[in-house]
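give me coordinates for this.
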Amino acid sequence: MSRRRVVITGIGWVTPLGHEIESVWKKLLAGESGVGATQGFDASTFPTSFSAQVKPDYDHRSGLKRPELHDGVGSNTSFALGAAAQAWKSSCLDRYPDLDHRRLGIYLGSGEGSLDFDNYVAANLAGWNEEARQVDGAKWAAEALQHMGATREVEQEPNMPATHLAMEFEARGPSYNCLTACAASTQAIGEATQILRRGDADVMITGGAHTMIHPFGVTGFNRLTALSTRNDAPTQASRPFSGDRGGFVLGEGAGMLIIEALEHAQARGASILAEIVGYGSSADAFRITDMHPDGRGPIDSMRRAFEDAKLEPADIDYISAHGTGTQENDSTETKAIRKVFAEEARNVPVSSIKSMMGHLIAAAGAVEAIVCVLAIRDGRIPPTINLDNPDPALDLDYVPNVMREKKVEVALSNSFGFGGQNDTLILKNF
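Numbering: from 1, shown residues only. From the prediction side, this is the model:
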């Protein structure tokens with residue numbers, strides 16, 4: 001039996017540049033930055049005191065039908081709910097009375113929450129010092145749990161966004177969450193596509209949500225020397241492919257897509273935004289934080305996506321790069337693109353929106369997949385900003401600083417995660 005075709009019928013996002021599709025898209029095309037001083041905790045003594053955060057006016061409850069189900073949720077779940085509500089409305093499934101909710105599934109890439117860490121600090125401030133905690137750890141734990149509440153402790157688990165989406169949209173089909181670091185939401189979209197292809201569901205809510213902008217997350221990435229420390233010029237700190245790049249900028253948010261089996265979408269008269277035609281996944285099998293110097297993992301994921309799509313590199317009109325702005329990532333991704341695309345490598349535009357909204361970690365790939373959808377729709381490619389000093393060793397067309405008009409029939413999106421996870425999607429105009 002031939003596999004079913006899979007199409008995108010709805011999109012939504014919550015980002016450091018805003019939380020509406022069209023307004024954020026305009027800002028990306030204009031090259032605006034969403035980076036600024038970190039809010040929510042005092043980061044002034046950290047090596048990195050800035051980040052790309054969702055704006056304070058965001059309220060996930062505004063677009064929900066049953067907001068009372070989602071009080072007290074963590075940031076990951078809040079972002080996921082807001083983005084999914086947009087995508088659901090965009091797909092017009094809110095006006096489709098015949099949806100079989102047993103055939104509606106969820107596949108997300110979402111990271112761990114921060115509520116447990118935040119309340120650990122609060123519990124210690126309530127009178128427990130380290131010596132007292134060691135003497136009576138059980139009593140300390142009980143007090144800490146009482147402080148945060150049992151439900152709030154559960155809310156920091158990585159699967160909570162998927163749980164809340166299932167409640168909000170009555171999704172009774174397959175439900176999964178993967179946590180493969182920076183590749184998570186791209187992997188989630190790819191695996192959700194496979195579920196639809198083999199007939200285990202008709203509609204999937206997929207994408208990712210994440211924040212690591214809290215003391216523990218910032219400390220960890222600083223200790224890895226992965227973050228930019230350009231504290232004097234935050235909006236210029238994210239500099240993918242630049243000769244003076246110095247690390248990535250932490251971002252946060254969510255990107256959600258409604259994907260459907262083609263026949264299901266057509267039967268209900270849905271507007272189709274794009275088709276998912278290729279998905280490839282691989283592992284570096286090398287080191288936890290370092291990519292293999294030959295780029296073998298990204299090479300494999302791109303080649304597998306091409307095999308899946310039955311397309312060639314010459315068919316690609318745009319590459320949404322992982323493009324973090326670290327020395328290693330940018331050079332290795334460039335090397336991998338050169339290897340896979342051969343003589344076509346310099347003919348295809350490559351850009352990184354992380355230059356504007358930072359790195360959304362587990363949510364990054366989903367937001368970048370939505371950018372591919374919009375590039376296909378509008379024939380416009382967002383720039384890589386802050387690219388004033390190109391690295392001479394990186395010689396691809398990175399769309400420096402200014403948006404480009406170009407007909408995009410097929411787009412490729414890369415995501416690579418700590419631990420060596422690599423995932424690639426290929427999207428096509430329907």
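
doesn't A166 make contact with H70?
No. Using C-beta atoms under 8 Å, H70 is not in contact with A166, being 11.7 Å away. No exception for glycine: its C-beta is placed from N, CA and C like everyone else's.

okay, now the unreliable bits of this protein?
Applying pLDDT under 70 to the chain flags the ranges 1, 114-155.

ranges for the strands of it?
In the chain, the segments counted as strands under DSSP state E are 6-14, 36-37, 50-51, 104-110, 175-178, 203-211, 252-261, 274-283, 318-320, 350-351, 380-381, 404-405, 410-417, 421-428.

hey, which of the ones you listed is tucked in deepest?
Highest mean neighbour count among the strands of the chain (mean count of other C-beta atoms under 10 Å): strand 203-211, with a mean of 33.

got the CA coordinates for it in PDB?
Taking Å, rounded to 0.1, in the frame of the first residue of the first chain, the C-alpha atoms of strand 203-211 are listed here in PDB:
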ATOM      1  CA  VAL A 203      -4.600  14.900  12.100                       C
ATOM      2  CA  MET A 204      -1.600  15.700  14.300                       C
ATOM      3  CA  ILE A 205      -0.800  18.700  16.400                       C
ATOM      4  CA  THR A 206       3.000  18.900  16.300                       C
ATOM      5  CA  GLY A 207       5.900  21.200  17.000                       C
ATOM      6  CA  GLY A 208       7.700  22.200  20.100                       C
ATOM      7  CA  ALA A 209       7.900  24.500  23.100                       C
ATOM      8  CA  HIS A 210      10.800  25.400  25.400                       C
ATOM      9  CA  THR A 211      12.500  27.900  27.700                       C
END
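
what about the residue nearest to G82 when sequence neighbours are not counted, how many residues nearby?
Closest residue in space to G82, ignoring its immediate chain neighbours: H60 at 4.2 Å, by C-beta to C-beta, 6 or more residues apart in numbering. Close neighbours of H60, defined as other C-beta atoms under 10 Å, add up to 23.

how about H60, what does it touch?
Counting by C-beta atoms under 8 Å, 6 or more residues apart in numbering, H60 touches V14, P67, H70, V73, T77, S78, F79, L81, G82, A85.

likewise A237?
So A237 contacts V35, F50, S228, R230, G246, V249, N386 (C-beta under 8 Å, 6+ apart).

distance of N231 from A237?
N231 sits 8 Å away from A237, going by C-beta to C-beta, to the nearest Å.

break down the stretch 51-200 of the chain into its helices, ranges please.
Here the stretch 51-200 of the chain has its helices, by DSSP state H, counting those that start in this stretch, at 75-91, 115-125, 130-135, 137-148, 150-154, 160-169, 184-197.

can you put the contacts of H60 in TSV and add distance to G173?
Below are the contacts of H60 laid out as TSV (distance: C-beta to C-beta, whole Å):
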residue	distance to G173
V14	24
P67	23
H70	20
V73	22
T77	20
S78	23
F79	22
L81	18
G82	22
A85	19
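
list the contacts of V373.
By C-beta under 8 Å, 6+ apart, V373 lies in contact with I8, I11, L257, L273, A274, L427.

in TSV: those, plus distance to S301.
Formatted as TSV, the contacts of V373 follow (distance: C-beta to C-beta, whole Å):
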residue	distance to S301
I8	20
I11	23
L257	19
L273	23
A274	20
L427	15
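
need the max-distance pair from these.
Using C-beta to C-beta, the contacts of V373 span at most 11.3 Å, a distance reached by I11 and L427.

for stretch 236-248, buried residues please.
Buried residues in stretch 236-248, counted by 16 or more other C-beta atoms under 10 Å: Q236, A237, S238, R239, P240, F241, S242, R245, G246, G247, F248.

now do the same end-to-end measure for it.
Using C-alpha to C-alpha, to the nearest Å, the end-to-end distance of stretch 236-248 comes to 11 Å.

could you list the domains of the protein?
What automatic domain parsing lists as the domains of the chain is 6-114+156-428, 117-152.

deepest of those domains, which one?
Of all the domains of the chain, domain 6-114+156-428 has the most neighbours on average by mean count of other C-beta under 10 Å, namely a mean of 22.

how far does it sit from its chain's centre?
Chain-centre distance of domain 6-114+156-428: 3 Å, with C-alpha atoms, centre = their mean, to the nearest Å.

how long is it end to end?
One end of domain 6-114+156-428 sits 11 Å from the other (C-alpha to C-alpha).

what's the separation between L224 and L250?
12 Å.

same check, this time on Y318
26 Å.

how about Y176?
Separation of Y176 from L250 (C-beta to C-beta): 26 Å.

what do you get for N222?
10 Å.

same check, this time on N401
23 Å.

what backbone torsions are found at T225?
phi 60, psi 30 (degrees, to the nearest 10).

who's in contact with the residue nearest to it when sequence neighbours are not counted?
In this structure, T225 finds its nearest non-sequential neighbour in G247, 7.0 Å apart by C-beta to C-beta, 6+ apart. By C-beta under 8 Å, 6+ apart, the residues touching G247 are T225, A226, L227, S228, T229, G325, T326.

just the helices in the stretch 301-430 of the chain please.
Taking DSSP H, counting those that start in this stretch as the test, the helices found in the stretch 301-430 of the chain are 327-341, 354-357, 364-378.

between those helices, which gets nearest to D308?
Closest approach to D308 among the helices of the stretch 301-430 of the chain (C-beta to C-beta): helix 327-341, 13.9 Å.

now do the closest one: everything it contacts.
Contacts for helix 327-341 (C-beta under 8 Å, 6+ apart): 240-241, 245, 290-295, 298-299, 302-303, 306, 313, 316, 319, 321-324, 345, 348, 350, 391, 393-396, 414, 416.
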